[in-house]
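In: Test case, fold it:
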Amino acid sequence: MANFKCITCNKSFSIPDEVLAKYPNWIPKYCPSCNPKKKNVSTNNNINNNSENIVKTSTKSSITKEEDLTLAEVLKRFSEGPQSGIFTDGSARPNPGPGGWGIVYVKDGTVINQKYGKEKETTNNRMELTALLNAFEIAPENEPILIYTDSELCVNTFTKWISSWEKNGWKKKTGEIKNLDLIKQVYDAMKRKPLAKLHWIESHNGFLWNEYADSLATAWARNTL
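Out: Numbers count the residues shown, from 1 in each chain. Below is the predicted model:
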């Protein structure tokens, strides 16, 4: 019997040797209680006061990357994943090129609000930032909530780098800060909503509301929402 430590709850757990023998080079990361394959991630358990806490909530990477699903198709096909929070997405086709953004605010599986938009000439990053800006604007003021994004660049920007950029007069050592106009707007919105926390979620992972936000972001390219 081999012992491991869960990367989610940090508790020790054991795996029988005969099970490990069936999967050479496998290093278990989750205890049975936290295994995302067996249990959906609960947003309520992940809300805290640390804006640098990044939740990775996917085990089914990019299963819908090549698809362009309508909202109805998303609702019919998917059911898993967090059921509360604000889910965001943005993209451009090609990049740069025309693009769109989308957000959906969900509480206990019920849509509270949703918004989407498009630009004739834009980039993936600008659409991701636009989605985040709208998400923080609709986030409740007096209630903890998670805002999900699949953009690791956005997460790093607002949890690792932005404080230094601000202190240095909005400059960085490696050169220009791209999309600084939107970055400042999102940062201001974040300051006004301190209970809204930014979290990372893998793109195209088959989680219902993550796919729903993706569908809103690509609605501009379809005849049917």
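In: Walk me through the domains of the protein.
Out: Per automatic domain parsing, the structural domains of the chain span 1-35, 40-221.
In: Give me whichever of the ones you listed is most buried.
Out: domain 40-221 (a mean of 18; mean count of other C-beta atoms under 10 Å). Every C-beta, even on glycine, is put in place using the N, C-alpha and C of the backbone.
In: what about that one, average pLDDT?
Out: Domain 40-221 shows a mean pLDDT of 88 in the predicted model.
In: chain center to that domain: distance?
Out: 5 Å (C-alpha atoms, centre = their mean, to the nearest Å).
In: Do a quick rundown of the helices in this structure.
Out: Secondary structure of the chain, counting by DSSP state H: helices at 17-22, 71-77, 124-138, 152-156, 162-167, 180-192, 208-217.
In: will you turn those helices into a markdown table that also has distance to residue 85?
Out: Listed next are the helices of the chain as a markdown table, based on distance: least, C-beta to C-beta, whole Å:
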| stretch | distance to residue 85 |
| --- | --- |
| helix 17-22 | 34 |
| helix 71-77 | 16 |
| helix 124-138 | 9 |
| helix 152-156 | 15 |
| helix 162-167 | 22 |
| helix 180-192 | 15 |
| helix 208-217 | 7 |
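In: By residue count, tell me the biggest strand in the chain.
Out: Counting by DSSP state E, the longest strand found in the chain is strand 110-122.
In: Listing partners with orientation, what would you give for that one?
Out: When pairs are called by DSSP bridges, strand 110-122 turns out to pair with strand 97-107 (antiparallel).
In: circling back to that earlier point, so for residue 146, which of the helices of the chain sits nearest?
Out: Among the helices of the chain, the nearest to residue 146 by C-beta to C-beta is helix 124-138 (10.2 Å).
In: export the closest one as CSV, just CAs?
Out: C-alpha atoms of helix 124-138 as CSV (Å, rounded to 0.1, in the frame of the first residue of the first chain):
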residue,chain,number,x,y,z
ASN,A,124,-8.4,36.8,-28.0
ASN,A,125,-6.9,38.6,-25.1
ARG,A,126,-9.0,41.7,-25.6
MET,A,127,-12.2,39.6,-25.7
GLU,A,128,-11.1,37.7,-22.5
LEU,A,129,-10.5,41.0,-20.8
THR,A,130,-13.8,42.5,-22.0
ALA,A,131,-15.6,39.4,-20.6
LEU,A,132,-13.9,39.8,-17.3
LEU,A,133,-14.8,43.5,-17.1
ASN,A,134,-18.5,42.8,-17.7
ALA,A,135,-18.3,39.9,-15.1
PHE,A,136,-17.0,42.1,-12.4
GLU,A,137,-19.5,44.8,-13.2
ILE,A,138,-22.5,42.4,-12.7
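In: which helices and strands sit right next to it?
Out: strand 85-92, strand 97-107, strand 110-122, strand 145-149, helix 152-156, helix 180-192, strand 196-200, helix 208-217 (3 or more C-beta pairs under 8 Å, 6 or more residues apart in numbering; DSSP states H and E).
In: how about CSV for the ones you listed, with distance to residue 4 added?
Out: What follows is those, written out as CSV (distance: least, C-beta to C-beta, whole Å):
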stretch, distance to residue 4
strand 85-92, 29
strand 97-107, 33
strand 110-122, 37
strand 145-149, 27
helix 152-156, 26
helix 180-192, 36
strand 196-200, 24
helix 208-217, 28
